[in-house]
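1. sharing a model that was predicted from the sequence below.
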Amino acid sequence: MNDTIEAAETASNALTQQGKILDSIDQFYADDCVFIEPDGSRRSSKADQRAHLEAFFASLKGFEGATLHGQAVGDCFSASEWTFKMIAGDGSPIVWNEMLVRNWREGKIVSEKYYTQA
């Protein structure tokens, strides 16, 4: 099972690094996936998350890149550490340092929680 999750985690992360985050959601997330933000707010489906990200990306002037610092895989679990660099609509830089913790079921991500650091 871990080999399957590791392969899927690696493939999902590769799409994210290429700026294809929406493609990763389409391919690797369960329809009823729950997304939990650092403030505790939630989106309760893949469609809601996709709509949220589409609106966010449309508000940007640019996406400069996503750097994967590392990933770990366990039983029905994965985690990855990222730095995302973007340009806001007003031209100001956005830098997110995040840890994404995912739970997997039957080859799909069923929950993803974001942790941020300063």
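-> Received it, and whenever you're ready, just let me know what you need.
2. roughly how far does Ala72 sit from Arg50?
-> According to C-beta to C-beta, to the nearest Å, Ala72 and Arg50 sit 26 Å apart. Placement of C-beta: from N, CA and C, glycine included.
3. kindly report the same for Ala58.
-> Ala58 is 12 Å from Arg50, by C-beta to C-beta.
4. those two: who's more crowded?
-> Legend: neighbour count by other C-beta atoms under 10 Å for Ala58 and Arg50, higher for Arg50 (16 against 8).
5. I'd like the next helix or strand past the helix or strand that contains the more buried one.
-> Element membership for Arg50, per DSSP states H and E: helix 46-59. The C-terminal neighbour of helix 46-59 among helices and strands, as given by DSSP H and E, is strand 62-74.
6. list the strands paired with that following strand, with their directions.
-> Note on strand 62-74: by DSSP bridges, its sheet partners are strand 77-87 (antiparallel).
7. got the angle for the partner strand vs helix 46-59?
-> 20 degrees (axes from the mean of the first three to the mean of the last three C-alpha atoms, to 10 degrees).
8. how far does strand 77-87 sit from the chain's center?
-> In terms of C-alpha atoms, centre = their mean, to the nearest Å, the centre of strand 77-87 is set 7 Å apart from its chain centre.
9. likewise stretch 98-111?
-> 9 Å.
10. may I have the distance across that stretch, first residue to last?
-> Stretch 98-111 has an end-to-end distance of 16 Å (C-alpha to C-alpha, to the nearest Å).
11. same check, this time on stretch 79-95
-> 19 Å.
12. same check, this time on stretch 87-94
-> First residue to last in stretch 87-94 (C-alpha to C-alpha) measures 6 Å.
13. chain center to whichever helix in the chain runs longest: distance?
-> If you go by DSSP state H, the chain has its longest helix at helix 2-17. A distance of 11 Å separates the centroid of the chain from that of helix 2-17, by C-alpha atoms, centre = their mean.
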